[in-house]
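> Prediction below, plus the sequence it came from.
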Amino acid sequence: MKIATIVGGGVIGGGWAARFLLNGWDVRVFDPDPEAERKIGEVLDNARRSLPGLSDTALPPEGKLTFHDTMSDAVQGASWIQESVPERLELKQKVYQTLQEHAPEDAILGSSTSGFKPSELQGCASRPEQIVVTHPFNPVYLMPLVELVATEKNAPDMVERAAEILRSVGMYPLKVRKEIDAHIADRFLEAVWREALWMVKDGVATTEEIDESIRMGFGIRWAQMGLFETYRVAGGEAGMKHFMAQFGPALKWPWTKLMDVPEFTDELVDLIAGQSDAQSGHMSIRELERARDDNVVGMMRALKANDWGAGAVLNAHDARLNAQSDMPQTMAEITDMAALVPTGRRAIPADWLDYNGHMNEACYGIAFSEATDRLMKIIGCDAEYIATGGSYFTGETHIRYLDEAHLGQVVDIRTRVIKGEGKKMHLWHEMYEGDRLLATGEHFLLHVSLETRRPSEPSQEIMDNLAALAEAHAALPPSEGAGRFVGQPR
């Protein structure tokens, strides 16, 4: 049993609870706020709506969430304890003293602090080696980055164990090599924030205009390439040296007020708050969160397609989830040859919905295509085989839409081999949500040579595996709807 304890159930603590819970951990929460259960429940609603959409395989069964009246009760049996209390050093140190009186000695105690160094947090602790900084980004249940900051008091194997746990829930632990106030990412955010405050105060730009300059421009580039790689590309064929030679002199020009900050007067606060209300006050915070989550999922799914940046982290997490699933990876792992082969299990993401609020018809084809790919891997037509010059091309597809699929529903696909002989592969897919049949897909494929782009014989292993499945499935009752043509009455 994997147990995580969350101390402090605000926006960040609630996000941590969702990240662990939806990745199969039992989560225990301590927060004296009487509204904590409601607030975390609302965060969880958003997380359940968006996080499964990042994966192309189903997340593990959701863990159990419990709320506790004392820290001593909440930490029992926990292997991970995440502190997300307000940014007051004396409060955090007091919390650690109480936690370490009751927590398992081998539990990892991570702090969500955005500014304090781990050596400061360890100051009054009875077991300083147990405490590290694990600073996430909001929303914690979607954003992969965690700044993992340790000191010489933390054993290297403990730090690596923390990193592996974070990877296991789909996050990217960035090990900060030297502790520094505000770590790495928040120092960049602070620099941009200071410059933005001056621009608003001086009447150069409104809050909305500043946000547009980021999200319509460099924010998109940074999302997939970061800072230095973006500038390397900007240097053209001559690379980074050319870029620095061209723009280096600008560092001496008075382009920035980063070394100064405007005074936080009531007038400045009212000015910024008023502009912010005009910009997005027509939407509730929950509506803004859902829009943010849908946009983040869409961008990160695009990065998955190129196995780039945050998308590479998601693909690695999918690979871990696939390895832990009960779906067969090879012929040897098929437990019942006479049953349809499990070839897909995933949640419906937001970008698969259409204007009717249900799954777009084209996305059934994506789901069935993924199921075909898994069946191909099972019979031996995997990436290694395809690299030798052989693969299957789809020649014909017929999909029947029998019932609606909606956002977040977990669907299973099971596959029957109707025919597998020579160059031909004839498949039948069935898509279910629980016991409800949503759709069927009938697909005819031909094995081809990737060199000639013409039909060719597959390997003997693939022909034998296909034939074995076709023979076993021939004993099943006929699949209702197989062989139909478009428009045929039921």
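On my side now, so go ahead. The structure presented is a predicted model; accordingly, all values stated were derived computationally and were not measured. Numbering: from 1, shown residues only.
> all strands for the stretch 201-350 of the chain, in order.
Here the stretch 201-350 of the chain has its strands, by DSSP state E, counting those that start in this stretch, at 341-347.
> Let me fix that, I meant to ask about the stretch 51-200 of the chain.
65-68, 80-83, 108-111, 131-136, 145-149, 172-176.
> Can you give the distance from the third one to the centre of its chain?
Read it as strand 108-111. 22 Å (Cα atoms, centre = their mean, to the nearest Å).
> Let me have the strands of the stretch 51-200 of the chain in a markdown table, extended by distance to residue 274, mean pLDDT and mean neighbour count.
All C-beta atoms are positioned from the backbone trio N, CA, C, and that covers glycine. Converted to a markdown table, the strands of the stretch 51-200 of the chain look like this (distance: least, Cβ to Cβ, whole Å; pLDDT from 0 to 100; neighbours: other Cβ atoms under 10 Å):
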| stretch | distance to residue 274 | mean pLDDT | mean neighbour count |
| --- | --- | --- | --- |
| strand 65-68 | 38 | 97 | 16 |
| strand 80-83 | 35 | 98 | 25 |
| strand 108-111 | 35 | 98 | 26 |
| strand 131-136 | 31 | 98 | 25 |
| strand 145-149 | 32 | 98 | 23 |
| strand 172-176 | 37 | 96 | 18 |
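> Relative to residue 211, which of those is closest?
Among the strands of the stretch 51-200 of the chain, the nearest to residue 211 by Cβ to Cβ is strand 145-149 (20.8 Å).
> Against which helices or strands is the longest helix seen in the chain packed?
As assigned by DSSP state H, the longest helix anywhere in the chain is helix 285-305. Applying 3 or more Cβ pairs under 8 Å, 6 or more residues apart in numbering; DSSP states H and E, one finds that helix 285-305 makes contact with helix 36-50, helix 219-225, helix 310-324.
> Present those as a markdown table; the columns should include mean pLDDT, distance to residue 421 and mean neighbour count.
Output for those, formatted as a markdown table (pLDDT from 0 to 100; distance: least, Cβ to Cβ, whole Å; neighbours: other Cβ atoms under 10 Å):
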| stretch | mean pLDDT | distance to residue 421 | mean neighbour count |
| --- | --- | --- | --- |
| helix 36-50 | 94 | 44 | 19 |
| helix 219-225 | 87 | 45 | 15 |
| helix 310-324 | 92 | 29 | 17 |
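> how about a markdown table for the ones you listed, with distance to residue 442 added?
Shown next, in a markdown table, are those (distance: least, Cβ to Cβ, whole Å):
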| stretch | distance to residue 442 |
| --- | --- |
| helix 36-50 | 32 |
| helix 219-225 | 38 |
| helix 310-324 | 25 |
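> residues making contact with the worst-scoring helix or strand of the chain on mean pLDDT?
Lowest by mean pLDDT, DSSP states H and E among the helices and strands of the chain is helix 239-247, with a mean of 79. Helix 239-247 is contacted from outside by 228, 231, 232, 234, 235, 236, using Cβ atoms under 8 Å, 6 or more residues apart in numbering.
> wait, which of the helices and strands packed on helix 285-305 is closest to residue 70?
Minimum separation from residue 70 across the helices and strands packed on helix 285-305 (Cβ to Cβ) falls at helix 36-50, 13.7 Å.
> so what does the closest one touch, helix or strand wise?
Under the contact criterion of 3+ Cβ pairs under 8 Å, 6+ apart, helix 36-50 touches helix 11-21, strand 65-68, helix 285-305.
> Check these for me and report the most buried one.
Ranked by mean neighbour count, the helices and strands packed on helix 36-50 are led by helix 11-21 with a mean of 26 (mean count of other Cβ atoms under 10 Å).
> Please compute how far it lies from its chain's middle.
On the basis of Cα atoms, centre = their mean, helix 11-21 sits 13 Å off its chain's mean C-alpha point.
> All set now, cheers.
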